[in-house]
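K.L.:
Sequence first, then the predicted structure, then my questions.
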Amino acid sequence: MPAMMKNSEGNHIENVFNKLLKDIGSPVDFRLPDYLYKTRLFPTYTFIKRNIYLTKKKKIKRRPEDDGIFCSCGSSSESSVCGRDCHCGMLLSSCSSGCKCDNSCINKPFQNRPVKRMKLVQTKKCGFGIVALEDISQGEFVIEYVGEVIDDKTCETRLWQMKHRGETNFYLCEINRDMVIDATYKGNKSRYINHSCCPNTEMQKWIIDGETRIGIFATRDIKKGEHLTYDYQSRLPLWSC
């Protein structure tokens, strides 16, 4: 289940990742061996709720006085709850304690909105996947993509180690320069969301109190029982349907 978010500036890690994919070969239709379906071996990893930093946490500086400028909701509006026109939300920045809105503000997807109910299932062609256990409305927060946050040097080392072990599943998401989320060893169910060229979710990069975090949001209404998917195209340069 590859997941590699590209940095618009491009960097060394992206080049290493592209070389690994080239060595692996062009994408082909994949099906697990029949014996794996019979044994139904569930993958092992350590479940975590929040990112674990193995490198220095880099925060985007945000002045307290900026909150009053970014968030136009609250005391000056009819409602204390931020709507779609909230300046913070438009900038994919969660409202903070310095904003004028109160604790019921809905522009705090990572803090106030619970993770949607979902389960890990075995698919016919793609190994494991995730199925929604409840209806999800378009635009709703589904789950946060979490893992170990590592620097480029550690990421490159892990990529080559995985190649030498013959592994072809990557759980990497680049969030900033020299900062990569690796959900290979520690993560949550988001690591099992499969690829689709017609996905029902997408990854969004949000700023939460200066920290960059990755959220997965519904791009359309999702019915209970549907498989959750997102498009790997923007994460994997060589991936094609």
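P.N.:
Yep, it's here.

K.L.:
Which of the three states applies to E156?
P.N.:
helix (DSSP: H, G, I helix; E, B strand; the rest coil).

K.L.:
Please tell me I have it right and E14 contacts V180.
P.N.:
No. Assessed by CB atoms under 8 Å, E14 is found out of contact with V180, at 10.4 Å. Heads up, the C-betas are built off the backbone N, CA and C, glycines and all.

K.L.:
Domain map for the protein?
P.N.:
69-108, 114-146+188-235, 147-187 (the TED database).

K.L.:
Give me the average confidence score over the last one.
P.N.:
Mean per-residue pLDDT for domain 147-187: 91.

K.L.:
joint contacts of E14 and V180?
P.N.:
E174 (CB atoms under 8 Å, 6 or more residues apart in numbering).

K.L.:
which of those two has more neighbours?
P.N.:
More neighbours surround V180 than the other of E14 and V180, with 27 against 17 (other CB atoms under 10 Å).

K.L.:
Now tabulate the domains of the chain in TSV and tack on distance to F47.
P.N.:
Compiled in TSV, the domains of the chain are given as follows (distance: least, CB to CB, whole Å):
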stretch	distance to F47
domain 69-108	23
domain 114-146+188-235	6
domain 147-187	7
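
K.L.:
Tell me which of those sits nearest to K59.
P.N.:
domain 114-146+188-235 (3.5 Å; CB to CB).

K.L.:
Looking at the domains of the chain, spot the one closest to T46.
P.N.:
domain 147-187 (4.4 Å).

K.L.:
Now find how far off-centre that closest one is within its chain.
P.N.:
14 Å (CA atoms, centre = their mean, to the nearest Å).

K.L.:
Between the two ends of that domain, how far is it?
P.N.:
End-to-end distance for domain 147-187, by CA to CA, to the nearest Å: 4 Å.

K.L.:
On the three-state scheme, K163 is what?
P.N.:
From three-state DSSP, the assignment for K163 is helix.

K.L.:
Can you tell me how far G225 is from I193?
P.N.:
G225 sits 15 Å away from I193, going by CB to CB, to the nearest Å.

K.L.:
hang on, I meant F170
P.N.:
F170 is 14 Å from I193, by CB to CB.

K.L.:
repeat for C126
P.N.:
Distance of C126 to I193, given as CB to CB: 11 Å.

K.L.:
what do you get for C101?
P.N.:
Per CB to CB, C101 is found 31 Å from I193.

K.L.:
try S96
P.N.:
For S96, the distance to I193 - CB to CB - is 28 Å.

K.L.:
Pick out whichever of those two has more residues nearby.
P.N.:
In this view S96 and I193 are compared by other CB under 10 Å, and I193 has more residues nearby, 26 against 21.

K.L.:
can you pull the contacts of that one?
P.N.:
1, 129-130, 201, 216, 228-230.

K.L.:
Can you list phi and psi of it for me?
P.N.:
Main-chain dihedrals, I193, degrees, to the nearest 10: phi -70, psi 120.
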